[in-house]
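Undergrad: Predicted structure and sequence below. I'll ask about it afterward.
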Amino acid sequence: MGGMLDEMIRPGPPLVSAEVVAKQLGCTGRFVLKMAGSGKITSVRISSRCVRFNLDQVLEELGVTKKGGGQ
């Protein structure tokens, strides 16, 4: 049973704001949004004013390693 329903409720990767991505890249949130707008990095538009990013995917697309320890 389930099938399509299971697919609909399965959680995806955590999505973060442009500011979180910017902190990892050492740039501004505005620059991150410009890269997304130009198609250089993948983004998810939640609404007209809300754009989110899969941090691991963006870092991979740019060939950057994660800053900081922790994980």
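TA: Cool, got the structure. No experiment lies behind these values; they were computed from the predicted model shown.
Undergrad: Could you tell me the end-to-end distance of stretch 51-65?
TA: Using CA to CA, to the nearest Å, the end-to-end distance of stretch 51-65 comes to 22 Å.
Undergrad: Nearest residue to residue 30 in space, please, no chain neighbours.
TA: residue 18 (7.7 Å; CB to CB, 6 or more residues apart in numbering). Yep, even glycine has a C-beta here, placed from its N, CA and C like the rest.
Undergrad: any idea which element residue 51 lies in?
TA: In the assignment (DSSP states H and E), residue 51 maps to strand 50-52.
Undergrad: other SSEs contacting that strand?
TA: Packing contacts for strand 50-52, counted by 3 or more CB pairs under 8 Å, 6 or more residues apart in numbering; DSSP states H and E, involve strand 44-47.
Undergrad: Show me what the strand it packs on is packed against.
TA: For strand 44-47, the contact count by 3+ CB pairs under 8 Å, 6+ apart identifies strand 50-52 as packing neighbours.
Undergrad: following the strand it packs on, which helix or strand shows up next?
TA: helix 55-62.
Undergrad: So which residue is smack in the middle of the chain?
TA: The residue at the geometric middle of the chain, judged as the C-alpha nearest the mean C-alpha position with CA atoms, centre = their mean, is residue 53 (1.6 Å).
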